[in-house]
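*Asks:* below are the sequence and a predicted model for it; my questions follow.
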Amino acid sequence: MKLKNYFQLLFTAALWGSSFLMIKYALQELSEFDIALYRILLPAFVLNLIYREKISVEKEDYKYFIILGIIYMILPFFLFALAEKTITSALAGLINGSTPIFVALIAIIFYKEKVTHLQKILILTGFFGVIVLSLGEQSNLSGSTEGVLYALGASICYGVAINMVQPLLKKYTPVGALKILLRSASLFSLLLLGPFSTWSTPSLSISFFPLLLLGLGSSGFAFLSFYSLVDDVGAVLGSVTVNIMPIFSIIFGYFFLNEITSVLQLIGVSIVVISAFFFTRIKESR
């Protein structure tokens, strides 16, 4: 990899890893509905402002963009914000590290992807890691088990969406697909989240800058940086981003919020990340 590729990898992982810290900050004055809504509307407005190229969407693809708008953005953004009301930002980031396992499982069940016996073992090992991670909940946070389930639900959404979005990325390019996806998510977020949102104005001292980083960073630049990296070095090396992202969530949570990650949680996420890492390598080397 070139020097710029290392920068892309770390830049993307850091932005995605920081998103859980930003959610925790934003929750100080905004609801989970507000955070999910603003996180979609902000990048949608900016991207449509700077990327004026007209994109012609084929009729049969509309339904996929509608579904993806819900399960790739609206639902997981909401669920992670809801989860962090009762779990730490670091734990939310660790749970998000289970996404590759769900990506693999969905690909096998619904896309009939062929896997080796070793890959099946790695998937089972990954789910064992998720169980261990869930058992290592923070005892000082009420309802933490419920929060873990919400975060796992968000990761499952990503697992489904990543499988669905791949053909669209090739057909419309990453930036084109993101523009259409954000438009779809914006419309349905207004319908699904809008009625329950407080529509509070983010204050400069608390949630404005966290929302700015969430919207433009995690939901915008990070996505484009990731697919630029994959385009340069391929999916094998690019997937390392997902593997190292939880490290950033732990670092940010510790230094900015004094969050302590339990040993059991670290063991659980290590099992998940290592299983996903080797699953990807076996898949790409075939």
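*Replies:* Happy to help now that I have it. Numbers count the residues shown, from 1 in each chain.

*Asks:* tell me the buried residues in stretch 114-128?
*Replies:* 115, 119, 122-123, 125-127 (16 or more other CB atoms under 10 Å). Yep, even glycine has a C-beta here, placed from its N, CA and C like the rest.

*Asks:* ok, longest helix in this protein?
*Replies:* Longest helix of the chain, by residue count under DSSP state H: helix 144-172.

*Asks:* got the angle between the following helix or strand past that helix and helix 144-172?
*Replies:* Sequence-wise, the next helix or strand downstream of helix 144-172 (DSSP states H and E) is helix 174-192. Orientation check (axes from the mean of the first three to the mean of the last three CA atoms, to 10 degrees): helix 174-192 against helix 144-172 gives 130 degrees.

*Asks:* now for helix 174-192, which elements pack on it?
*Replies:* Counting contacts by 3 or more CB pairs under 8 Å, 6 or more residues apart in numbering; DSSP states H and E, helix 174-192 is packed against helix 32-50, helix 59-68, helix 144-172, helix 222-233.

*Asks:* compare those helices and give me the one nearest residue 15.
*Replies:* Nearest to residue 15 among the helices and strands packed on helix 174-192 is helix 222-233 (3.9 Å), distances taken as CB to CB.

*Asks:* how distant is the closest one from the center of its chain?
*Replies:* Distance of helix 222-233 from its chain centroid, counting by CA atoms, centre = their mean, to the nearest Å, is 15 Å.

*Asks:* among the helices and strands packed on helix 174-192, which is the most enclosed?
*Replies:* With neighbours defined as mean count of other CB atoms under 10 Å, those peak in mean count at helix 32-50, which reaches a mean of 21.

*Asks:* using CSV, write out every CA atom in it.
*Replies:* Output of helix 32-50 as CSV, limited to C-alpha atoms (Å, rounded to 0.1, in the frame of the first residue of the first chain):
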residue,chain,number,x,y,z
GLU,A,32,-32.0,9.4,19.7
PHE,A,33,-34.6,10.4,17.1
ASP,A,34,-32.9,13.8,16.7
ILE,A,35,-29.4,12.4,16.3
ALA,A,36,-30.4,9.8,13.6
LEU,A,37,-32.4,12.5,11.7
TYR,A,38,-29.7,15.2,11.7
ARG,A,39,-27.0,12.6,10.9
ILE,A,40,-28.9,11.9,7.7
LEU,A,41,-30.1,15.3,6.7
LEU,A,42,-26.8,17.1,7.1
PRO,A,43,-24.7,15.0,4.7
ALA,A,44,-27.6,14.7,2.3
PHE,A,45,-27.8,18.5,2.0
VAL,A,46,-24.0,19.0,1.7
LEU,A,47,-23.5,16.2,-0.8
ASN,A,48,-26.3,17.3,-3.1
LEU,A,49,-25.0,20.8,-2.9
ILE,A,50,-21.4,20.0,-4.0
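
*Asks:* how far does it sit from its chain's centre?
*Replies:* On the basis of CA atoms, centre = their mean, helix 32-50 is displaced by 15 Å from the centre of the chain it belongs to.

*Asks:* one step back: can you add distance to residue 191 and mean pLDDT and give the helices and strands packed on helix 174-192 back as JSON lines?
*Replies:* Below are those laid out as JSON lines (distance: least, CB to CB, whole Å; pLDDT from 0 to 100):
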{"stretch": "helix 32-50", "distance to residue 191": "11", "mean pLDDT": "94"}
{"stretch": "helix 59-68", "distance to residue 191": "11", "mean pLDDT": "95"}
{"stretch": "helix 144-172", "distance to residue 191": "18", "mean pLDDT": "88"}
{"stretch": "helix 222-233", "distance to residue 191": "23", "mean pLDDT": "78"}
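
*Asks:* can you tell me which of the ones you listed comes nearest to residue 131?
*Replies:* Nearest to residue 131, of all the helices and strands packed on helix 174-192, is helix 144-172, at 10.4 Å by CB to CB.

*Asks:* packing partners of the closest one?
*Replies:* On a contact count with 3+ CB pairs under 8 Å, 6+ apart, helix 144-172 meets helix 59-68, helix 75-83, helix 89-96, helix 99-110, helix 117-135, helix 174-192.

*Asks:* and of these, who's closest to residue 159?
*Replies:* Here helix 99-110 is closest among the helices and strands packed on helix 144-172 (CB to CB), at 2.7 Å.

*Asks:* got the angle between the closest one and helix 144-172?
*Replies:* 70 degrees.

*Asks:* please enumerate residues in contact with helix 99-110?
*Replies:* With CB atoms under 8 Å, 6 or more residues apart in numbering as the test, helix 99-110 has contacts from 113, 115, 119, 123, 126-127, 129-130, 155-156, 158-160, 162-163, 239, 242-243, 272, 275-276, 279-280, 283.
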